[in-house]
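**Q** Here is my input, please return the structure:
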Amino acid sequence: MFGFERSEEFVEQSSGKHQAWILFRYSKSEIQKEKTRLSASRATVELNKSGPSDCEPKYNGSLVITSSAPNARVKVDDEVVGRTPAKLSCQFEVGKELSILIDHPKFENYETKVIITPGQSTTVSAVLKAATVRLSVETNPSNAKAYLNSEFVGVTPIVFQVLAGERLQLLFDHPEAEKLATEIEVPKSKAYSRSFDLKLKPGFFKVQAAPTDSEVVVDGQGPYKAGSLIPCVPGQRSVQVSKQGFESKWVELTCIGNRTANLDKVTLSPTPLEQVSSPSEDSAWRLSLGIGTQGLPIGEDSQRDHISSFGGGWALAIDYKLFSRFWIGIGGAAFSFSKDDKSKSTGQANSTGFLNSNLSTTILQTRLSYQAWQSIGLYTEYGQSGTTLNQDGYDFNSSGSGTLNGSSRTITLGTQPMFGAGLTYRSSNDGWGFQTALGARSFSDSSGAKGSTTFYLEFGGSYGW
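**A** Residues are numbered from 1 along each chain as shown. I've put the predicted structure just below:
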């Protein structure tokens with residue numbers, strides 16, 4: 001039945017017979033159409049109640065225009081004169097043919113020609129036909145399921161016919177992207193196209209590596225642990241696998257949204273020794289300052305051999321890079337040792353002597369260094385050292401105990417050549433860094449002083465520029 005739609009139904013079986021009740025109702029869309037039609041008819045009746053007003057004989061006529069869809073724009077001879085329903089009196093020359101165009105955003109244009117009759121109303125009643133539009137829809141990425149007003153219509157890209165001027169509910173569903181729901185209004189035209197960018201879901205990947213504790217970086221993001229589930233932005237990605245002491249490797253990844261990719265295992269190769277040992281090429285100067293301890297050389301006679309022990313001190317040096325890994329520098333160091341032993345006499349009872357000794361050694365040296373590895377260097381040094389012995393005077397009693405008597409003496413043991421060698425560790429060759437040094441020095445006999453070989457250990461900091 002035209003205009004009706006099925007609302008409810010009921011089927012009953014009794015004594016081998018079937019009885020059915022079906023309820024039909026007039027559809028809401030048909031009711032609205034009928035209201036529109038009746039409204040236009042009433043408007044036509046009202047407009048036709050009065051004929052042409054008193055006009056000049058040349059314009060003694062009127063034009064009444066109605067349409068099945070009200071509020072349509074009216075053009076007469078390409079000039080907009082109003083909207084339907086409209087009555088136009090004393091405006092047009094009688095006996096002349098007029099071109100009428102009725103335009104509505106949801107309906108096809110209606111065109112006709114009329115001639116105004118003298119002293120009468122000329123009526124144009126337009127029944128408008130719904131306009132359809134060829135709608136083209138694309139999505140990025142493509143192959144998304146498309147739904148129009150909750151009904152599946154195909155997979156993008158897709159083309160279908162829709163009514164002009166209607167608001168349409170669109171829904172796109174793609175496995176690699178978030179769902180997109182939107183509303184559009186299609187203007188009246190022969191064809192209309194829209195494109196939609198879908199928000200991609202993140203992808204994931206795994207990459208096994210040897211060593212297993214390697215780190216993974218994706219387009220500068222990370223680091224992540226090799227073997228773990230790593231997120232990625234859909235598209236072409238660059239993956240770096242690295243570990244300290246090994247050569248890094250890069251692999252290309254095609255990341256797909258909402259999917260997990262498993263890359264081939266990446267095996268890293270140890271970094272060649274010459275690459276590890278290559279020092280920084282940026283620093284040309286290096287300043288170092290440290291504190292430490294060393295065994296002091298023995299004085300001028302064997303009586304003072306017991307004074308030889310470890311004492312504290314400091315060291316300062318500045319180095320300049322000659323070329324490649326070779327450095328030359330100058331520096332200085334000072335070490336001292338104090339010993340207070342007044343319970344033992346070096347002389348006879350009830351006599352005087354000297355104890356509470358302080359032995360100081362000052363060193364000025366030049367040195368040549370070789371940066372064998374990135375953080376470790378070897379060096380040899382040559383210089384001059386001077387040793388001074390300071391002692392306080394004591395009065396000793398018969399038991400060997402002594403008390404200060406106010407006297408003192410200073411013995412300069414003279415200068416002597418010094419040779420040394422050792423190795424250093426620096427945490428950084430550029431800027432500030434931690435430094436430690438371990439070495440040995442040999443002091444030659446000179447001016448009656450007894451030579452000695454000592455070991456020393458220093459800790460401090462360095463700055464390269």
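**Q** Please make it C-alpha for all contacts and neighbour counts, starting now.
**A** Fine.
**Q** hang on, residue 31 in a helix?
**A** Yes: under DSSP: H, G, I helix; E, B strand; the rest coil, residue 31 sits within a helix.
**Q** Got the confidence number for it?
**A** Residue 31 is assigned 75 on the pLDDT scale.
**Q** give me the number of residues near it?
**A** Close neighbours of residue 31, defined as other C-alpha atoms under 10 Å, add up to 13.
**Q** Same question for residue 230.
**A** By other C-alpha under 10 Å, the residues close to residue 230 number 20.
**Q** I'd like the distance between it and residue 221.
**A** Distance of residue 230 to residue 221, given as C-alpha to C-alpha, to the nearest Å: 10 Å.
**Q** Might you list the low-confidence residue ranges for the stretch 251-400 of the chain?
**A** 273-282, 294-311, 337, 339-351, 353-356, 395-396, 398-400 (pLDDT under 70).
**Q** which residues of it fall in helices?
**A** 273-276 (DSSP state H, counting those that start in this stretch).
**Q** where does residue 76 land on pLDDT?
**A** Per-residue confidence (pLDDT) for residue 76: 92.
**Q** Correction: the previous question concerned residue 420.
**A** For residue 420, the model assigns a pLDDT of 85.
**Q** so where do the strands sit in the stretch 1-150 of the chain?
**A** Shown for the stretch 1-150 of the chain, the strands assigned by DSSP state E, counting those that start in this stretch span residues 4-14, 17-26, 62-67, 73-76, 79-83, 86-89, 97-104, 107-115, 121-126, 132-140, 145-148.
**Q** a markdown table for the ones you listed, including distance to residue 417?
**A** As requested, the strands of the stretch 1-150 of the chain are exported to a markdown table (distance: least, C-alpha to C-alpha, whole Å):
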| stretch | distance to residue 417 |
| --- | --- |
| strand 4-14 | 117 |
| strand 17-26 | 121 |
| strand 62-67 | 120 |
| strand 73-76 | 114 |
| strand 79-83 | 115 |
| strand 86-89 | 122 |
| strand 97-104 | 111 |
| strand 107-115 | 111 |
| strand 121-126 | 122 |
| strand 132-140 | 82 |
| strand 145-148 | 91 |
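**Q** out of those, nearest to residue 225?
**A** Nearest of the strands of the stretch 1-150 of the chain to residue 225, taken as C-alpha to C-alpha: strand 132-140 at 32.5 Å.
**Q** Sheet partners, orientation included, of the closest one?
**A** Sheet pairing here is set by DSSP bridges, and for strand 132-140 it gives strand 158-163 (antiparallel), strand 191-197 (parallel).
**Q** hey, which of the ones you listed is tucked in deepest?
**A** Of all the strands paired with strand 132-140, strand 158-163 has the most neighbours on average by mean count of other C-alpha atoms under 10 Å, namely a mean of 15.
**Q** what angle do it and strand 107-115 make?
**A** When axes from the mean of the first three to the mean of the last three C-alpha atoms, to 10 degrees is applied, the directions of strand 158-163 and strand 107-115 differ by 50 degrees.
**Q** now strand 158-163: how far from the chain's centre is it?
**A** Here the centre of strand 158-163 is set off from its chain's centre by 41 Å, with C-alpha atoms, centre = their mean, to the nearest Å.
**Q** Tell me which helix or strand comes right after it.
**A** Per DSSP states H and E, the first helix or strand lying C-terminal to strand 158-163 is strand 167-173.
**Q** Show me which strand runs longest in this structure.
**A** Longest strand in the chain, counting residues (DSSP state E): strand 402-426.
**Q** Tell me the helices and strands packed up against it.
**A** Contact here means 3 or more C-alpha pairs under 8 Å, 6 or more residues apart in numbering; DSSP states H and E; on that basis strand 402-426 packs against strand 376-396, strand 431-443.
**Q** and among these, the most buried is which?
**A** Sort these by mean neighbour count, taking mean count of other C-alpha under 10 Å, and strand 376-396 sits at the top with a mean of 20.
**Q** Neighbouring strands - and their directions - for it?
**A** With DSSP bridges as the test, strand 376-396 is paired with strand 351-370 (antiparallel), strand 402-426 (antiparallel).
**Q** These: which one's closest to residue 55?
**A** That would be strand 402-426 among the strands paired with strand 376-396, by C-alpha to C-alpha, at 110.6 Å.
**Q** Mind listing what's buried along that closest one?
**A** Neighbour counts over strand 402-426 (16 or more other C-alpha atoms under 10 Å) mark 402, 404, 408, 413-426 as buried.
**Q** can you pull up the bridge partners for residue 457?
**A** The partner list for residue 457 in beta bridges (DSSP bridges) reads residue 293, residue 438.
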